[in-house]
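Peer 1: 3D, please:
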Amino acid sequence: MKYNLSNEQTRKFILIKQGLMGHYKYVGKKGALDYIKEVGCIQYDPIDVCGKNAELVLQSRVKGFKKEMLYDLLYKDRKLMDYYDKVMSILSIDDWKYFKRVRDRYDETEENHPHLAEMKEEIKKKIEEKGYVCSKDFANDQKVEWNWNKTSIAKAAIELMYFHGELIVHHKKNTIKYYALARDYIPKEDYEADDPFQTDLEFYKYRVLRRISAIGLLWNRPTEAYLFIHGLRAKERTEVYQSLLKEDKIVEIEIEGINELFYALNSDEQILLDIISGKTFEGRTELIAPLDGFIWDRKLTETIFDFRYKWEIYNKEEDRVYGYYVLPIISNTEFIGRIEVINQKKEKTLLVKNIWFEDHIKLTKTLKNNILNCLDRFMTFNDCHTIDIQTNLLK
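Peer 2: The predicted structure is shown next:
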């Protein structure tokens, strides 16, 4: 099946799929879990200026979301887990069995570091004694070559055991991770399950479907959206899309004025039909996380939304066009600009340091009120009591 959409219809499709348009279809802790299951994963990043990336993703979609909800889902309810999907991510614990091939890749790493075997046994023994460990529980005087630099043998062994699936993140305290034995927390039937995929192609199809769902639609071209699907080169990617089309798991989308084919999930076909039929959806104004899944493919975002975004956090201050931690703002069906917001935790104040609008945006009274209402929700999300707006554009 092939659909022909206008650019505006395509934007609506992506935003409705993402839960960023219309009424809030995700509510509370259950809504946060449902959203993560829907898109496959959300990217984790520890930097906290006005909320960590994963929390920022959820606050824009989940009505009544509070930061402790995500922590509870990860470390109390055990409905979610930390693991590599598209880099370090948060995903459903139900997905454990589907990542066996990813975990098995670290067999070779272990073979190349036989000196870690003794340390691994010491780690297991310590976990059995106290329930969980971090690398600081062990002497750090012995160093090994690891990834890009030298690190303690304990940290290297813990990371290897984690990647290999012997450990999971038990909990975090600030940025420190504590680990426990995976067998004690992953359901037995999943922990002991065989690889559900018979071939690499089947595995690639599973991973690509997740990435399509994370954004809403994708194209068959090199992009960061396919990051960490090891072995998925151009040939394999084309084979994946051809196979998924034959199996009716995806549909083709042509966008007016864009000379590329895009692909969406067959399971999202009703959204396409609603949009084509002219069904109306109320627009919303939301702040978007810098590593939000639906802008993983920066070129796709620029092509469809006419919005170029770069996270400038790693740029030197003098090289930044905007700021250190700047969030895109979406309103109705377009990105209207970006904003720099800081949670001043001691003062319980949300500092709105600056805002930059796209050149074509006219700040009407309605749009200004929508932004202020969005910031009011963002203040509550950050557990602040007041807002300090320093930019004259919003006063």
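
Peer 1: can you list the domains in the chain?
Peer 2: Domain assignment for the chain, taken from automatic domain parsing, gives 113-184, 285-394.

Peer 1: ok, residue 119 to residue 164 distance?
Peer 2: Distance of residue 119 to residue 164, given as CB to CB, to the nearest Å: 14 Å. (C-beta placed from N, C-alpha, C; glycine too.)

Peer 1: neighbour count winner among these two?
Peer 2: residue 119 (22 against 18; other CB atoms under 10 Å).

Peer 1: so that one, which of the three states?
Peer 2: Under DSSP: H, G, I helix; E, B strand; the rest coil, the three-state class of residue 119 is helix.

Peer 1: pLDDT value on the residue lying closest to it once chain neighbours are set aside, please?
Peer 2: Nearest residue to residue 119, sequence neighbours excluded (CB to CB, 6 or more residues apart in numbering): residue 157, at 4.1 Å. We note a pLDDT of 91 for residue 157 in this prediction.

Peer 1: how about stretch 23-35: buried residues?
Peer 2: Across stretch 23-35, burial judged by 16 or more other CB atoms under 10 Å covers 26, 29, 31, 32, 33, 34, 35.

Peer 1: so what's the residue positioned nearest the centre of the chain up against?
Peer 2: Nearest to the geometric centre of the chain sits residue 42, at 2.3 Å (CA atoms, centre = their mean). Applying CB atoms under 8 Å, 6 or more residues apart in numbering to residue 42 gives the contacts 36, 53, 54, 57, 58, 89, 90, 293.

Peer 1: let's see 7 Å
Peer 2: 36, 54, 57, 89, 90, 293 (CB atoms under 7 Å, 6 or more residues apart in numbering).

Peer 1: what of residue 227?
Peer 2: 86, 87.

Peer 1: quick check: which element contains the closest residue in space to residue 165 that isn't next to it in sequence?
Peer 2: Leaving aside its sequence neighbours, residue 165 sits nearest to residue 103 (CB to CB, 6+ apart; 3.9 Å). If you go by DSSP states H and E, residue 103 is part of helix 100-104.

Peer 1: mean confidence score for that helix?
Peer 2: Taken as a whole, helix 100-104 carries a mean pLDDT of 93.

Peer 1: show residues contacting that helix.
Peer 2: Residues outside helix 100-104 that contact it (CB under 7 Å, 6+ apart) are 84, 163, 164, 165, 195, 197, 203.

Peer 1: buried only: go through those for me.
Peer 2: For the contacts of helix 100-104, buried by 16+ other CB under 10 Å: 84, 163, 164, 165, 197, 203.

Peer 1: from these, which single one is nearest residue 188?
Peer 2: Set against residue 188, the nearest of the buried ones among the contacts of helix 100-104 by CB to CB is residue 165 (13.9 Å).

Peer 1: what pLDDT does the model give residue 146?
Peer 2: pLDDT recorded at residue 146 is 73.

Peer 1: where does the prediction get shaky in this structure?
Peer 2: 108-112, 148 (pLDDT under 70).

Peer 1: check the gap between residue 323 and residue 313 for me.
Peer 2: The value you get for residue 323 to residue 313, if CB to CB is used, is 9 Å.

Peer 1: with neighbour numbers in mind, choose between these two.
Peer 2: The neighbour comparison of residue 323 against residue 313 (other CB under 10 Å) goes to residue 323, with 20 against 14.

Peer 1: wait, that one touches residue 341, no?
Peer 2: No. At 9.8 Å, residue 323 does not count as touching residue 341 under the criterion of CB atoms under 7 Å.

Peer 1: skip the chain neighbours and tell me the closest residue to residue 79.
Peer 2: residue 73 (4.8 Å).

Peer 1: can you tell me what sits against the host helix or strand of the one you found?
Peer 2: In this structure, residue 73 sits in helix 67-75 according to DSSP H and E. Applying CB under 7 Å, 6+ apart, the contact partners of helix 67-75 are 29, 32-33, 51, 54-55, 58, 79-82, 90, 170-171.

Peer 1: same thing but 10 Å
Peer 2: With contact meaning CB atoms under 10 Å, 6 or more residues apart in numbering, helix 67-75 is reached by 28-33, 36, 42, 44, 48, 51-52, 54-59, 62, 66, 76-82, 90, 92-93, 168-172, 178, 185, 381-383.

Peer 1: could you give the angle of the helix or strand that it is followed by to helix 67-75?
Peer 2: Moving toward the C-terminus from helix 67-75, the next helix or strand (DSSP H and E) is strand 80-85. Strand 80-85 and helix 67-75 are oriented at 80 degrees to each other (axes from the mean of the first three to the mean of the last three CA atoms, to 10 degrees).

Peer 1: strand 80-85 pairs with which strands, and in what direction?
Peer 2: Sheet pairing of strand 80-85 (DSSP bridges) gives strand 87-92 (antiparallel).

Peer 1: which parts of the partner strand are buried?
Peer 2: So for strand 87-92, counting by 16+ other CB under 10 Å, buried means 89, 90, 91, 92.

Peer 1: between the residues you listed, which is nearest residue 360?
Peer 2: residue 89 (34.5 Å).

Peer 1: for that closest one, give the beta-bridge partners.
Peer 2: residue 43, residue 83.

Peer 1: would you confirm that it contacts residue 81?
Peer 2: Yes. If you go by CB atoms under 10 Å, residue 89 and residue 81 touch, sitting 9.4 Å apart.

Peer 1: elements contacting the helix or strand residue 330 falls within?
Peer 2: According to DSSP H and E, residue 330 maps onto strand 326-331. Judged by 3 or more CB pairs under 10 Å, 6 or more residues apart in numbering; DSSP states H and E, strand 326-331 is in contact with helix 7-18, strand 285-287, helix 298-305, strand 334-344, strand 349-357, helix 365-381.

Peer 1: 6 Å - rerun?
Peer 2: Contact analysis of strand 326-331 by 3 or more CB pairs under 6 Å, 6 or more residues apart in numbering; DSSP states H and E lists strand 285-287, strand 334-344 as its packing neighbours.

Peer 1: noted, bye for now.
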